[in-house]
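Predicted model follows, preceded by the sequence.
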Amino acid sequence: MSAQSEDAVVEELAGSISARKKLPLDYILDVFEAVGGTLLRFFSAVGRLSTFIGKSVAHCFLPPFFPAQLGRQIIDIGYYSLPVVGMTALFTGMVLALQSYTGFSRFNAEGAVAGVVVLSVTRELAPVLAGLMVAGRVGASIAAEIGTMRVTEQIDALATLSVNAFKYLIAPRVIAGTIMLPLLVFVGDIIGVFGGYIVGIYNLGFSPGSYLSQTWDTLESMDVISGLVKAGVFGFIVAVMGCYHGFNSQRGAQGVGAATTNAVVSASILILIFNYILTQVFFS
Amino acid sequence: MSDAKLQLIGVKKAFGSKKVLQGVDLEVPTGKSLVVIGGSGTGKSVMLKCVLGLMYPDEGTIMVDNQDIRGLDTKGRERLMQKFGMLFQGGALFDSMKVWENVAFGLVQGRGMDRKKAQDIAIEKIVSVGLKAETGDLYPAELSGGMQKRVGLARAVAASPEIIFFDEPTTGLDPIMADVINKLIVEQVKDLGATALSITHDMASVRTIADYVAMIHEGTIIWTGPVEDLDDSGSEYVEQFIHGRADGPITRRVA
C-alpha cells in the first residue's frame, strides 16, 4: 500500500470514529471529565496560592529586610487610602443614623440610634467597607504594578541582581497591608461615629451629651478589638491577593488587566467570607 | 575538570506536551563570548532562563565553574547570581527609579553597598556606555530605546560580573545604534575579562561580539564553532539561517 493510500485509510477511520454516535456512557464520562478537570484546576490553584502565601509570610520574617520599601508601602497603602476610607466611614455613619432612626421611630426606640451606629460601625461596617474600598484602590494597584513588572521582565531582572522578589516586592506590601488597615479602620471608626453624631445632633435633634453618653455606654472594648483584628486579616488578604495575581500575571496588557480584576474580585469575596468566619469566632 | 566557565549537559525542558529544549549540550570557555543563534521559538530564551534559575530544567546538568547549580537553595542561588549580569531584550529597567538608581540597584540592594559609593560607580558606568552623567537623574521613560539599552548594559556590568548574558541586545534598534551597542558590549566584556553568553537573530551582532557561535534548532544545538568558521560551517541549517533564506531544511509554519 502506498503512503498516500495509507493516509486516506487513516483519515477515513478517524472520520468514522468521530462520526460514531455517542453512547449514554460517553455522556456520563464527559460529566466526570468536566467535574474532575474543574476539581483538579481548583485544587491546583489552592495549592499554588497556599505555597505563595507560605513563602510570602516566611519572607516577612527572614532577613534581609527592605525598610525603605516598607516605608513606601505604608505611605501608599495607609496614608493615601485615608481619604477614601474616611469618606466611606463618614457617609456610612450618617446614613446609618438616618436609617436606624426611621426604623426605630416605628417602635418608639429612637434612643437606640447612637448604640446601633457605634456597634455597626466598629464591629462590621468600618472593617468590611474599608477592606472593600482598599481592595479596590490598593489591591488593583498592587496587581497592576507587579503584573507590569512581570511582563516587562523587571521581576526577572531583580533575580539577576541578586535580589529576592519575595523579600523586595511581596513582603513589604503584605506587612504594610496587615499593619495599615487596622489603623485606617480605627480612624474610620471615629469618623463613622462622628458622622452618626452630626446627623443625630443637627438633623434628628438629639442632645450632644446624651448621644455621646449612649455611644460610650454601649461600646465595649471587644467591639473595637474585633473590628481591628478583622481589618488586619482583610489587609493581609488584599495585599496577598494583589501580589499573587500580579506575580502570576500572563503576558501582555490583557494579562495585566485580568490580574487586576482577579485581585479585586478575589480579595472582595474572601473579605466577605472571612468576615462571616471571624464574626462567628468573636460573637457566637 | 573542564576549563569551561559555563556548561550545559543534556538540558531538557518541556511545557506540557511541548518539548522546548530536547537535550542541549553547550560549553562557554572562560573569558570568551559565545553567541547562540536560532529562529524564534527554538528555545534560546528558555535555555537562558534555565541557566539564570528563572526556570527549572526537567533534566540535565548546568555547571558554573565546574559546580552543578541545580538544586541550590535561595542563599546559594543569590550568591551565584552575584557572578552574573544580564542585559534584557526590553531593558527591564525599573520605571519607578531614576537611571542611576537602576544602575546602582544590584550594588545597593543585592550587595549592601553604601548608597553614595554605589551612585559614584553608577555614574561612572553610565558615562562608560556613552551617556552623559546628567542622564543618571532621568527616569527610564524619558530615554530613547538606544539609551535604555545603554543603561541596561551599564546595569549589567555595574557589579563587575564574571558571566554576562545578553538577550537579543540589538532588537528594535536602527543599524547604526545596533552597531554602537555591539561595540560597547565587546568593549565592556573585554574590560571586565568576563565570559559572555548571548542570544540573537542579528547576524551583524554575531559577527561583532562572538568568539564562538552555536546554532539551536528544535531544542538542540546542531552546530558549534569559532565565528571565523560560520561561513564555512558545512551545516545546511546554519547556511540557511545566516543568509536568511526562506527555502531550506528549516521550515516555518506561518499560520
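Right, received. Where do you want to start? Numbers count the residues shown, from 1 in each chain, chains lettered A, B, ... in the order given.

and B:Phe166, helix, strand or coil?
Secondary structure state of B:Phe166, per DSSP: H, G, I helix; E, B strand; the rest coil, is strand.

quick one: it from chain A, how far?
Separation of B:Phe166 from chain A (C-beta to the nearest C-beta, to the nearest Å) stands at 12 Å. For every residue, glycine as well, the C-beta is placed using N, CA and C.

That residue: neighbouring residues, count only.
28 (other C-beta atoms under 10 Å in any protein chain shown).

now do the same end-to-end measure for stretch B:59-72.
End-to-end span of stretch B:59-72 (C-alpha to C-alpha, to the nearest Å): 15 Å.

Spit out the contact partners of B:Arg79.
Counting by C-beta atoms under 8 Å, 6 or more residues apart in numbering or on different chains, B:Arg79 touches A:Ser162.

Assumed it was part of a helix.
Yes - under three-state DSSP, B:Arg79 falls within a helix.

In the chain, where is pLDDT below threshold?
I went with chain A, as the question did not name one. Along chain A, the model assigns pLDDT under 70 to residues A:1-20.

I was thinking of chain B, sorry if that wasn't clear
B:1-2, B:252-255.

where exactly do the helices run in it?
B:44-52, B:74-81, B:99-105, B:115-128, B:145-157, B:175-192, B:203-209, B:236-243 (DSSP state H).

Rebuild the ones you listed as TSV, extending it with distance to B:Tyr139.
Below are those laid out as TSV (distance: least, C-beta to C-beta, whole Å):
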stretch	distance to B:Tyr139
helix B:44-52	26
helix B:74-81	26
helix B:99-105	7
helix B:115-128	14
helix B:145-157	11
helix B:175-192	20
helix B:203-209	28
helix B:236-243	38
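
nearest to A:Ala68, of those helices?
Closest to A:Ala68 of those is helix B:115-128 (C-beta to C-beta; 10.0 Å).

For that closest one, buried residues please.
Across helix B:115-128, burial judged by 16 or more other C-beta atoms under 10 Å in any protein chain shown covers B:Ala118, B:Gln119, B:Ile121, B:Ala122, B:Ile123, B:Lys125, B:Ile126, B:Ser128.

Check stretch A:243-259 too.
Within stretch A:243-259, the residues scored as buried using 16+ other C-beta under 10 Å are A:Cys243, A:Tyr244, A:His245, A:Gly246, A:Phe247, A:Asn248, A:Ser249, A:Gly255, A:Val256, A:Ala258, A:Ala259.

First-to-last residue distance for it?
10 Å.

repeat for stretch B:189-207
First-to-last residue span, stretch B:189-207, C-alpha to C-alpha: 15 Å.

near chain A at all, it?
No - applying C-beta under 8 Å from any C-beta of the partner chain, one finds stretch B:189-207 separated from chain A by no less than 12.7 Å.

measure B:Leu87 to chain A for me?
Per C-beta to the nearest C-beta, B:Leu87 is found 10 Å from chain A.

swap in B:Leu153?
B:Leu153 sits 13 Å away from chain A, going by C-beta to the nearest C-beta.

my guess is that residue meets B:Gly85, correct?
No - between B:Leu153 and B:Gly85 there is no contact under C-beta atoms under 8 Å: 9.1 Å.
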